[in-house]
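> just coords:
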């Protein structure tokens, strides 16, 4: 353990983050394969993976860049719908599901990245509350555009319209996106393994970015914008880098999410979803990637576990949220936690020493 | 170290929920229900829960088959609905009544189709729930899910039935239509109504649309329809805009008949609405709480006693769902110790039988085709002296 402590902080973060994911995979994957998981648990695996990627990517904007974004679900929806279109359109061209999923995720990420660029250029000129409000507005705009989007595919290729299905002019085709009803009839190809791979990819990108020259420039902007500017850091460039990376990852998560359900509607990616992800990030700790992973997993599972309480479920969930917030932030709770950890550590140490003596 | 402990904790949590599946037990058939008990659409989910609970209570009081009913909340969200479905499966659900709302139901019916669990939805009205239905241009998006059936009318069927009804009863010479072009429900009914009207040779003189749920001014639409001299206005919309249309037509002193579909159910309950304006409004709906027959009266009485409010169409549909399943189970000798998949095969066989007919609150002699759609005759209702009277 001493060895672990003597590692550099960045290495420690990396080891714990990758470690958690790999251990979770090593435990859950065999259980899932042998059907030992409850249906409820097995059904939550992919959504949890999706939300972990969402939380990590939002943490990049909120925690590392230090700008409050309230429209993260908007990028998720761009990825989700682009992914759904790609997957449906390529059903005959690429019959292998994993490969199709990969293509769908990449396309979803690219389009979300483009959306991130378009949104980012005007938005990142703002700061603080103003930026938060404008990202919120952009999230809603994206949702409303998708709400009146009609997409279909037939032998002649893709058809896109903003009016109605009839105006697509298809012959014996398939409707992929049906306006306010969203995408229906998606073939489910997301798997737990693909979710884990996407998380690992996200961790790789985000952790490496954070520890790079670019990452240090981004944190410098967060900590003191004027000082950063005065040493020659291009504010716009680095802000955009962080923002676009964040939206690309959100788009990838969206594509994974869409492929896990047979239907997905624009309504899902509203303000509430953005806030939910923000809650995961805030409770996990700003800029704390490992925290995001743990907070997302626990907070996603709590409402499902509380199903036993039926009518009082959401009430209890709210109380749990408040308690977690107090537990992670109040000074007394911090002291208490440290005492507990110290106690455990000391016992461990004593045991080890005893072990040495006995040898 | 802290982090390691956190990992351990997380791992413990994960383990705690792994492998706690339950197998079926007892002598009651386990009915699962899914719907929004909380959130914006909670009214519908709660109505379904209550309607189904009343039916289950009545059935359990009889000799023979027993049911156990458990409702799970989905917050009107497809993702949560699938979670609810999975947790019901862990509970040992054998038959599913749900989901209540359309979007979640599309997601859940795909799951239940893969698992071969019989699903009868009380109120998810889109054809995407059933699958296998081509749209106007012959595009099939979803393949038919053989285990899924509906208790409510599909949106297109309401349009067809309305046109047929207006034609049969000769309700209007010149017909005007007002619909909500931003709403899938309204637009779906409107499109089918128009194609059927054309087929029957109904004289539709004006089609006016509005494009928002919170539109408050309908004078433009009404003036246009009045100018064409329509004597009947067809309104495939929800009751809130309909109440405004009625009020504004009265202000214009435009004397015209109105005809609506099940979305108008609730019109008399709109706050601040002068119910005198609704006099003479006709609607095609499977259920009204004021109907005179004994079954409805009994149900409404029980519902009021238990929950202190008048049941809506969703509650009645759910009640009928449970009874339809009960009748089918009786006919096929389904018992509680059968697996969900076996029950599903038997029920599908029974539901698609031509001689399988169910009498319920929302219709007499209801039958199902293998497309999953229900066939029941809609009841024409007219508002007279502030109550619904059968036409």
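Arrived safely. All values reported here derive from a predicted model rather than from experimental measurement.

> quick one: the helices in chain B?
With DSSP state H as the criterion, chain B has helices at B:2-17, B:42-61, B:78-91, B:102-115, B:155-169, B:184-200, B:219-227, B:239-251, B:294-307, B:313-331, B:340-351.

> whoops, the stretch 51-200 of chain A was the one
A:72-89, A:97-123, A:128-147, A:192-210 (DSSP state H, counting those that start in this stretch).

> quick one, which of these is packed in tightest?
Stretch with highest mean neighbour count among those: helix A:72-89 (a mean of 29; mean count of other Cβ atoms under 10 Å in any protein chain shown). C-betas here are computed from N, CA, C, even on glycine.

> pLDDT of it, averaged?
Helix A:72-89 carries an average pLDDT of 94.

> same question, stretch B:101-113
Stretch B:101-113 shows a mean pLDDT of 91.

> can you give me how far that stretch is from the chain middle?
Taking the mean of its C-alpha atoms, stretch B:101-113 sits 14 Å from the chain's own mean (Cα atoms, centre = their mean, to the nearest Å).

> same deal with stretch A:150-164?
30 Å.

> Give me the distance between the two termini of that stretch.
Using Cα to Cα, to the nearest Å, the end-to-end distance of stretch A:150-164 comes to 6 Å.

> residues making contact with it?
A:85, A:88-89, A:148-149, A:165, A:167-179, B:139, B:187 (Cβ atoms under 8 Å, 6 or more residues apart in numbering or on different chains).

> In ChimeraX, how would I select the buried members of these?
Buried subset of these, written as a ChimeraX selection, criterion 16 or more other Cβ atoms under 10 Å in any protein chain shown:
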select /A:85,88,89,149,165,168,170,173,174,175,176,177,178,179 /B:139,187
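
> and stretch B:274-290, what's its mean pLDDT?
83.

> Once you drop chain neighbours, what's closest to residue B:181?
Distance criterion Cβ to Cβ, 6 or more residues apart in numbering or on different chains; nearest residue to residue B:181, sequence neighbours excluded, is residue B:209 at 4.2 Å.

> Quick check: beta-bridge partners of the one you found?
residue B:179 (DSSP bridges).

> Check the burial of it by counting its neighbours.
15 (other Cβ atoms under 10 Å in any protein chain shown).

> residue nearest the centroid of chain B?
Central residue of chain B (Cα atoms, centre = their mean): residue B:123, 2.2 Å from the mean position.

> from the stretch 101-250 of chain A, which residue is nearest to chain B?
Residue of the stretch 101-250 of chain A nearest chain B, by Cβ to the nearest Cβ: residue A:185 (4.1 Å).

> Distance of that residue relative to residue B:126?
Residue A:185 is 12 Å from residue B:126, where distance means Cβ to Cβ, to the nearest Å.

> Might you report the residue contacts of residue 174?
As the question left the chain open, I've gone with chain A. Neighbours of residue A:174 in contact, by Cβ under 8 Å, 6+ apart: A:88, A:152-154, A:185, B:139-141.

> actually it's chain B I care about, not the one you picked
So residue B:174 contacts B:203, B:205, B:228-232 (Cβ under 8 Å, 6+ apart).

> who touches stretch B:325-335?
B:29, B:31, B:55, B:59, B:64-65, B:67, B:95, B:97, B:118, B:120, B:343, B:346-347, B:349-351, B:356, B:358.

> And these, which of them are buried?
B:29, B:31, B:55, B:59, B:65, B:67, B:95, B:97, B:118, B:120, B:343, B:346-347, B:350-351, B:356, B:358.

> The residue nearest to the spatial centre of chain A and chain B, how far apart?
With distances taken as Cα atoms, centre = their mean, the residue of chain A nearest its centroid is residue A:54 (1.0 Å). Distance, residue A:54 to chain B, by Cβ to the nearest Cβ, to the nearest Å: 13 Å.

> tally of neighbours for the residue of the stretch 251-391 of chain B found nearest chain A?
Nearest to chain A, among the residues of the stretch 251-391 of chain B, is residue B:340, at 11.8 Å (Cβ to the nearest Cβ). Residues near residue B:340, counting by other Cβ under 10 Å, number 21.

> so residue A:62 sits right up against residue A:278, yeah?
Yes: if you go by Cβ atoms under 8 Å, residue A:62 and residue A:278 touch, sitting 7.0 Å apart.

> Compare the two (neighbour count), which wins?
Set residue A:62 next to residue A:278 and count neighbours by other Cβ under 10 Å: residue A:62 wins out with 25 against 21.

> ok, now which ones touch that one?
A:68-69, A:278, A:281-282, A:286.

> So which of these reach chain B?
Among those, none lies close to chain B by the criterion of Cβ under 8 Å from any Cβ of the partner chain.

> sorry, back to before: so what's the residue nearest to residue B:181 up against?
By Cβ under 8 Å, 6+ apart, the neighbours of residue B:209 are B:178-181, B:221.

> pLDDT score for it?
The predicted structure scores residue B:209 at 85 on the pLDDT scale.

> What of residue A:183?
Residue-level pLDDT assigned to residue A:183 equals 88.

> I'd like the distance between the nearest residue to it once chain neighbours are set aside and residue A:298.
Spatial nearest neighbour of residue A:183, chain neighbours left out: residue A:84 (4.3 Å); criterion: Cβ to Cβ, 6+ apart. Distance of residue A:84 to residue A:298, given as Cβ to Cβ: 29 Å.

> Cheers, nothing more for now.
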